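Undergrad: quick one, structure for this:
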Amino acid sequence: MSSLGDVIHTLPLLKILKKNIPQADIDWVVNEEYVLLLKGNPYLNEVIPFKRKEWLSLAGFFKKRKEIKKFAKYLKEKQYDIVIDVQGLFKSAIVVMMVHGKRTIGFSNAREFASLWYDDKVEGDFKRHAVERYLQFAEKLGISWSKVDISFDIPTNDGVRKSLADKLNNLINQDFAIFCPFTRWETKRWDEENFYELEKLLNKENIEVVWVGAKGEYLKREVKHNLIGKINILELYELMKLGKFVVTCDSGAMHISASAGANIFALFGPTSPERTGPYNLKGKNVIIRKEQVQCGPCFDKTCKRKDKFCLNITPEEVLQIIKNSGLI
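TA: Just a heads-up that it's a prediction; the model follows:
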């Protein structure tokens with residue numbers, strides 16, 4: 001209900017549940033920003049939007065009380081047999097309470113006291129990647145799985161691909177890289193100037209660069225191929241299939257690129273690629289991080305050192321890693 005990466009990481013659970021319980025109708029409550037990602041999914045009965053930005057602010061809660069009450073009434077009337085809280089936060093636990101399902105399942109080590117509202121609990125194994133940790137809910141329901149069962153099913157169509165091709169113009173027939181410089185945490189960001197310098201280095205190798213990001217995100221400089229805020233989430237998914245490779249911070253766009261099977265060079269600082277790195281089933285998956293960082297991974301949104309030492313990686317170093325991969 002908040003993170004794009006969490007939605008991507010839960011897709012394999014959806015498919016495995018439906019494949020093993022084909023008679024089940026499965027609904028998904030999701031942040032309204034990500035409805036497009038799930039709409040038309042063959043394993044889903046219904047996608048139910050959660051208006052996080054409107055409903056979770058203090059002012060919004062009072063202004064939208066009738067709307068929230070209607071949302072809760074709708075969920076309760078569905079009379080769900082099983083409710084799974086994959087996110088494990090206070091806001092997702094609130095939805096669990098609204099549903100009044102016959103059986104609720106969540107992580108025993110969920111944050112913000114969310115586990116108080118679960119009937120059955122799963123001990124979330126944080127040594128496993130999030131994809132596999134979420135599949136513990138399938139295990140709780142007696143469903144076994146293997147890595148061959150894991151896939152990321154995101155329905156798109158020819159209209160999405162044509163719209164993207166129109167925005168790319170003649171670039172669609174050239175070699176290009178994709179830069180994803182934005183992420184919610186300031187501590188996860190590789191300095192924007194590094195991205196500009198890396199673009200120059202790649203241009204010398206005859207590789208163009210397409211920049212992507214969400215609406216409301218902006219660069220400090222003008223760039224040649226700027227699709228920031230100009231493509232939707234499905235077009236982003238299709239774009240990742242076309243690029244030669246992706247250079248990204250730990251972000252939602254990184255997880256989209258992994259689901260598309262792109263070749264990924266992911267810069268990691270305060271977070272752990274073992275937990276939430278790109279779960280890539282098809283393309284190259286290269287984690288770029290500074291070695292021997294005693295304070296990391298710290299999982300902090302503010303750097304106690306103030307210098308983001310863990311992301312002190314030069315564009316030249318990144319270029320060399322890309323060259324060593326054989327993609328240039």
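
Undergrad: and the helix or strand where residue 83 lies, what other elements does it pack with?
TA: When elements are assigned from DSSP states H and E, residue 83 belongs to strand 82-85. When contacts are defined as 3 or more CB pairs under 8 Å, 6 or more residues apart in numbering; DSSP states H and E, strand 82-85 packs onto helix 90-99, strand 103-107. C-beta: built from backbone N, CA, C; applies to glycine.

Undergrad: for residue 311, see how far away the closest residue in space to residue 272 that isn't next to it in sequence is.
TA: Among residues not flanking residue 272 along the chain, residue 297 sits closest, at 4.5 Å (CB to CB, 6 or more residues apart in numbering). Remark: distance between residue 297 and residue 311 (CB to CB, to the nearest Å) = 12 Å.

Undergrad: quick one, which of those two is more surrounded?
TA: residue 311 (23 against 17; other CB atoms under 10 Å).

Undergrad: show me what contacts that one?
TA: For residue 311, the contact set (CB atoms under 8 Å, 6 or more residues apart in numbering) comprises 188-191, 267, 269, 290.

Undergrad: of those residues, which belong to strands?
TA: Under the assignment DSSP state E, the contacts of residue 311 contribute residue 267 to strands.

Undergrad: strands of the stretch 151-300 of the chain, start to end?
TA: Here the stretch 151-300 of the chain has its strands, by DSSP state E, counting those that start in this stretch, at 176-180, 208-211, 225-226, 245-249, 264-267, 285-288.

Undergrad: wait, which of these is closest to residue 89?
TA: Residue 89 sits nearest to strand 245-249 of all those, at 22.5 Å, using CB to CB.

Undergrad: neighbouring strands - and their directions - for the strand holding residue 83?
TA: Take DSSP bridges as the rule and strand 82-85 pairs in its sheet with strand 103-107 (parallel).

Undergrad: my read is that residue 52 contacts residue 31, right?
TA: Yes: Residue 52 is within contact range of residue 31, at 4.9 Å (criterion: CB atoms under 8 Å).

Undergrad: joint contacts of the two?
TA: Common contacts of residue 52 and residue 31, defined by CB under 8 Å, 6+ apart, comprise 1-2.

Undergrad: so which helix or strand takes in residue 13?
TA: With DSSP H and E as the test, residue 13 turns up in helix 4-20.

Undergrad: got the buried residues for that helix?
TA: 4-18 (16 or more other CB atoms under 10 Å).

Undergrad: also stretch 161-178?
TA: Result for stretch 161-178 [16+ other CB under 10 Å]: buried residues 161, 163-164, 167-168, 171, 176-178.
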